[in-house]
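K.L.:
Could you work out the structure for the sequence below:
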Amino acid sequence: MGVSAPPPARQKYGDPMPAFSDYVIYVDESGDHSLTNINPQFPLFVLSFCIFPVDDYISTVVPQVQAMKFEFFGHDMVILHEREIRKSTPPFDVLLNEGVRERFMERMNDIISASRFGIVACVIDKEQFRTRRGNEVNPYHVALEFGLERIFLQLQQRGQARRTARVVFESRGAKEDQELELEFRRIMDTTRMRGMPETLAFHCAPKSANSSGLQIADMTARPIGLHVMRPEQPNRAWDLISTKLVRSSKGHIEGYGLKVYP
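P.N.:
Next comes the predicted model:
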C-alpha cells in the first residue's frame, strides 16, 4: 500500500498574497493557422492581445458589456462573437433589423472607445509565410512569440516585471490547448528577456466562461487583418481599434503594437 500524500497546506490568515500584476491579457484570433488550405478571401492569420488594467476591467469594462447584453437580449448569457455578429446568425439575428444593428454597433464601439486597454497584434500573410518558411513552421507560434515579447515589454515599462500577469486564451479543444501551452512554455524557457517567464502565466478558458475580455479581443482581430489586406478601404472598426495599438515614443505602431509578417 502506498503512502498517501498529506493534504495541501491552507493559506493562513495574514500570509502574503501572490504578487499579481495590475494587468490582465486576453487573446483571440481571426483566420486559421493552416498553411495547406488557405482561404483566398482572408489569407491571413491574426492574433490580437488586449492588455487591460485590472481595476478598469472590473469597474468599467465588465459592467458595460453586461449592461449592453441586457439592453439588446434581455439577459447576459449571450457570448459576443465577431463572425456571428457580422453574419447576423442567432442569437444575433435581431441585428437583421438595420436600426437595431446600428444601435448595437454604436454601443459596442462606445464601450471599446471608452475602455482603457492596449492592443498588440501580429498579422501573418500565410501565402508569403509558406513561401519563406515552408509548411513545418506554425504561424500561430510565430505570432504568439511576438505578442508575448511585446506584452512583456509593456508590463516591464509599467513596473510590472515579475508580478504574475495572466495571459488568457480561448479554449479550442484539449489537444489544441495542450499544444498551445507547450509552445507558451517553450517560449518562456528559451527567451532571452530577463523576467518574462516570472511575469507571464498561461491560462485557457472555454467559450462558455463568457469572458468580457475574450469577447472584446475577438472584436479586434478581424478588422486589423482587413486593414492590412486593404489599407485604402474605409474601415470604421480599424479607425477605432487603431487608437488602442501600442505605439513607440514617436507614435509608430509598426513593430510595437502591430507586426505584419513577412
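
K.L.:
confidence score at Y261?
P.N.:
If you check Y261, the pLDDT there is 88.

K.L.:
residues in contact with it?
P.N.:
By CB atoms under 8 Å, 6 or more residues apart in numbering, the contact list for Y261 reads C122, V123, I124, D125, F129, V142, A143, F146. In this view, the C-beta of every residue, glycine as well, is placed from N, C-alpha and C.

K.L.:
Break down this protein into its helices, ranges please.
P.N.:
54-56, 62-73, 82-87, 98-114, 126-133, 139-157, 174-190, 196-199, 212-229, 236-241 (DSSP state H).

K.L.:
one step back: using a markdown table, lay out the contacts of Y261 together with distance to G251.
P.N.:
Listed next are these as a markdown table, based on distance: CB to CB, whole Å:
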| residue | distance to G251 |
| --- | --- |
| C122 | 20 |
| V123 | 19 |
| I124 | 24 |
| D125 | 25 |
| F129 | 28 |
| V142 | 26 |
| A143 | 23 |
| F146 | 20 |
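
K.L.:
wait, which of those residues is closest to D93?
P.N.:
Within the contacts of Y261, proximity to D93 (CB to CB) peaks at V123, which comes in at 30.5 Å.

K.L.:
Surely that closest one touches L226?
P.N.:
No. The pair V123 / L226 is not scored as a contact, 10.0 Å apart, by CB atoms under 8 Å.

K.L.:
who has more neighbours, the two?
P.N.:
Ranked by neighbour count (other CB atoms under 10 Å), V123 and L226 place V123 first, with 23 against 19.

K.L.:
Look up how far K244 lies from the more buried one.
P.N.:
V123 is 15 Å from K244, where distance means CB to CB, to the nearest Å.

K.L.:
Equivalent analysis for D76, please.
P.N.:
In terms of CB to CB, D76 sits 24 Å off from K244.

K.L.:
What of R103?
P.N.:
Distance check for R103 against K244: by CB to CB, it reads 22 Å.

K.L.:
And for R222?
P.N.:
As judged by CB to CB, R222 and K244 stand 15 Å apart.

K.L.:
Over to R185?
P.N.:
28 Å.

K.L.:
Between these two, which is the more surrounded one?
P.N.:
For R185 versus K244, the count of surrounding residues by other CB under 10 Å is larger for K244: 22 against 12.

K.L.:
phi, psi of the residue nearest to S171 when sequence neighbours are not counted?
P.N.:
Spatial nearest neighbour of S171, chain neighbours left out: P206 (4.6 Å); criterion: CB to CB, 6 or more residues apart in numbering. Backbone torsions for P206, taken as degrees, to the nearest 10, come to phi -70, psi 160.

K.L.:
In the protein, which strand is the longest?
P.N.:
Taking DSSP state E as the criterion, the chain has its longest strand at strand 44-53.

K.L.:
what about the residue nearest to F184 when sequence neighbours are not counted, how many neighbours?
P.N.:
Spatially, and ignoring its direct neighbours in sequence, F184 is nearest to F202 (4.6 Å; CB to CB, 6+ apart). Neighbours of F202 under the rule other CB under 10 Å: 17.

K.L.:
swap in D125?
P.N.:
The local packing of D125 (other CB under 10 Å) involves 20 other residues.

K.L.:
ok, now the one 10 residues further on?
P.N.:
By the criterion of other CB under 10 Å, N135 has 10 neighbours.

K.L.:
My guess is it contacts L35. True?
P.N.:
Yes. Proximity of N135 to L35 meets the contact threshold set by CB under 8 Å, at 5.1 Å.

K.L.:
Now do the same contact list for the spatially closest residue to M219 that is not a sequence neighbour.
P.N.:
Sequence neighbours aside, E82 is the residue nearest to M219 in space, at 5.5 Å (criterion: CB to CB, 6+ apart). Residues in contact with E82 (CB under 8 Å, 6+ apart) are S30, D218, M219, A221, R222.

K.L.:
T243 now?
P.N.:
S113.

K.L.:
do that again at 10 Å, thanks
P.N.:
By CB atoms under 10 Å, 6 or more residues apart in numbering, T243 lies in contact with I112, S113, I119.
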